[in-house]
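Trainee: requesting a structural model of the entry that follows:
(one chain, ligands or ions: 3)
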Amino acid sequence: MAKILDNIRQPNDIKKVPPKEYDQLAGEIREFLLESISKTGGHLASNLGVVELTMALHLCLDLPKDKIVWDVGHQSYVHKILTGRKDAFGGLRTFGGISGFPKIRESACDAFDTGHSSTSISAALGYARGRDLLGEDYTVVAVIGDGALTGGMAYEAINNAARMDKNFIIILNDNKMSISENVGGVSKYLNDIRMNESYIDFKEDVEAALRRIPRIGSSVVRSVKRSKDSIKQFLMPGGFFEDLGIDYMGPVDGHDIPQLVRVISAAKRKRKAVLVHVITQKGKGYEPAEEDPSAYHGVDKFDVKTGMPLKKSTQSTYTQIFSRTMLRMAAEDEKIVGVCAAMPYGTGLYKFSKQYPDRFFDVGIAEEHAVTFAAGLAAAGMKPYVAIYSSFLQRSYDQMIHDVCLPQHPVVFCIDRAGIVGADGETHQGILDLSYLCSIPGMNVFAPKNKYELYDVLKFSRTFDAPLAIRYPRGTAYGGLKQFRAPIEYGKSEILRTGARVAILAVGSMVETAWDVCARLAEENIDPALVNVRFVKPLDRKILEWLARDYEVIVTMEENVLRGGYGEAVAAYLSDLRCQDREKYGARLLKIGIPDVYVEHGNVDLLKESMGLDSLSVTQKIIKEYKKL
Ligand SMILES: Cc1ncc(C[n+]2csc(CCOP(=O)(O)OP(=O)(O)O)c2C)c(N)n1
Ligand SMILES: CC(=O)[C@@H](O)[C@H](O)COP(=O)(O)O
Ligand SMILES: [Mg+2]
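Mentor: Ligands and ions are numbered 1, 2, ... in the order given. Prediction:
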């Protein structure tokens, strides 16, 4: 049977659909999302939850003239389907395929690239201010989730938006969920409003009735609106926003298209900033996702019938090693506390949160606060472990300097998703952390070579009385090289092979690759030394002096951009040594790492190969260098 969705081929095509067919179209979109994402993986529950909201926005707006900025952007699949990209979903998040996030390069209907949380209101406000300065006329809408609304940047923007005297629309998509249950005061506030079940017309009817009271009616309404008690919440939910000068409309049923169209159309007529509070269900329309939206936030390929993943990995991930070790350490030391920013599952603190609820803090999507909060915990005598993804920790650069490293509070940063993460693309690749961490005076940086060493360095961290950052990649934990397990010694690297003429210094995940490179080089009668760097900062100067003196080519390997990375630190030190004695420290340096670029989405191995980080590419580069000797 012909599908309505088949006629949605370009932006605004939805406007040709008769209203009586909206529900059928919504059903077809959900069916398409399930069919497609079950084959490719991606973000499911959030997109199932915004089908009607996205349809209503597309019915009320004229894209690409009007602008929608999707916060985080993981919920923009329906927007992409309605703007002519349905047929590209077979390649979702694959190399050269469409992104899982909005990308201006992909479509003029993607007004702003997103990926990290809580940026939408700022970006949209910038659009609106630019529009007004240029005397242009289009609608600007930020769509932000209740989770993203726990991010501080959103309040900086809301504070600024309150001064708008032209139309500016914020759609708050409230589904009570971040990736896990949403947390904090904001979530409670929104829950109270939601519980109130006050609908727009009912609230207006009550207000109109009050105003009809002769002589005193209007003043009654005014005093109620000024009252601090719950009746205000009833009559005027969203008081927080209203008190800031932002009109509040809602709560609105986020699955009722006619109601949404009516409210969004009304919001478009406002000559100020207006927040439309939309209530949706994350995972709507797919029972397994409705039951457990966290589990279906980000999915691998799965069986639509059962909801189960098609392949279940039996090997531990670095996240699981971290999770298990945290539980063991916490059992022995009550000073150990765990902090995360809205990602207990992803970072491996979920079990810790269940076993030690009083010593676990999920601060919401608030990485800046998480770090300074941890510094406060350390100042109070606790031993804080901040579990956070490499790319999200970028947010907390100043807090790591100002609140942790300058005062030398012993905070441990457990940095997951360090290196190429793959499918999430540019915004999520963890390829900058060695650079930004090593630039901070007083920070110590460790990269474990395998799962045993992650365990060992976590145990080492317990009594380490200074800031320590431990970075490890997404996914399966390398279980090889277990024969090498020298005790962790502060600032010391680990020599795995001595060899001759060529010496490889490999960082973290690159040790596994380097071990394979050594095997390949052996076939060319090249017998390199191999050092597991371990401490990226401080440098193990003794080892570097030895290699610079006794070897002819030094190779550094890191899954990080070269700029400001380990290789450049080694280069600087070798240069200092040569200033002392050019002859003595004459080794040449070959740096292997990620160039000064952003890395798009795709398969991890494929991306590494494209940047020359794979074993064969590294081997060929070393042979080429060796032949110059
Ligand atoms: C700075 C930052 N921290 C963490 C994340 C990971 N993350 C992606 S979506 C999400 C939850 C967003 O919740 P919400 O805004 O309510 O959207 P929903 O999935 O409920 O639609 C989180 C924590 C991120 N993308 N950016
Ligand atoms: C949208 C977002 O930022 C998160 O959902 C992120 O995609 C999670 O990444 P992992 O899948 O590596 O946990
Ligand atoms: Mg949410």
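
Trainee: residues from the stretch 451-600 of the chain in reach of ligand 2?
Mentor: Taking Cβ under 6 Å from any ligand atom as the criterion, the neighbours of ligand 2 within the stretch 451-600 of the chain are residue 474. All C-beta atoms are positioned from the backbone trio N, CA, C, and that covers glycine.

Trainee: residue of the stretch 451-600 of the chain nearest ligand 3, please.
Mentor: Here the residue of the stretch 451-600 of the chain nearest ligand 3 is residue 474; by Cβ to the ion that distance is 22.9 Å.

Trainee: before we move on, which element is that residue in?
Mentor: Assessed by DSSP states H and E, residue 474 sits outside every helix and strand.

Trainee: residues contacting it?
Mentor: Residue 474 makes contacts with 317-318, 416-417, 419, 421-422, 430, 604, as judged by Cβ atoms under 8 Å, 6 or more residues apart in numbering.

Trainee: ok, now with 6 Å
Mentor: By Cβ atoms under 6 Å, 6 or more residues apart in numbering, residue 474 lies in contact with 417, 421.

Trainee: tell me how far it lies from residue 430.
Mentor: Relative to residue 430, residue 474 is positioned 8 Å away (criterion: Cβ to Cβ, to the nearest Å).

Trainee: common neighbours of those two, please.
Mentor: Common neighbours of residue 474 and residue 430 (criterion: Cβ under 6 Å, 6+ apart): residue 417.

Trainee: return the distance of the residue of the stretch 451-600 of the chain closest to ligand 3 relative to residue 595.
Mentor: Residue 474 is 21 Å from residue 595, by Cβ to Cβ.

Trainee: next: residue 289.
Mentor: 39 Å.

Trainee: Three-state assignment for residue 557, please.
Mentor: Three-state secondary structure (criterion: DSSP: H, G, I helix; E, B strand; the rest coil) places residue 557 in strand.

Trainee: that one touches residue 592, doesn't it?
Mentor: Yes. Here residue 557 lies in contact with residue 592, judged by Cβ atoms under 6 Å, at a distance of 4.4 Å.

Trainee: I'd like to know how far residue 330 sits from ligand 2.
Mentor: The spacing between residue 330 and ligand 2, counted by Cβ to the nearest ligand atom, to the nearest Å, is 23 Å.

Trainee: mind checking which helix or strand of the protein has the lowest mean pLDDT?
Mentor: Least confident helix or strand of the chain, by mean pLDDT, DSSP states H and E, is helix 230-235 with a mean of 59.

Trainee: would you mind identifying the next helix or strand past it?
Mentor: Later in the chain than helix 230-235, the nearest helix or strand by DSSP H and E is helix 239-244.

Trainee: buried set for that following helix?
Mentor: Of the residues in helix 239-244, those with enough neighbours to count as buried (16 or more other Cβ atoms under 10 Å) are 239-241, 244.

Trainee: just put those residues in TSV and tack on pLDDT and distance to residue 588.
Mentor: Formatted as TSV, these follow (pLDDT from 0 to 100; distance: Cβ to Cβ, whole Å):
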residue	pLDDT	distance to residue 588
239	85	67
240	89	62
241	93	62
244	91	61
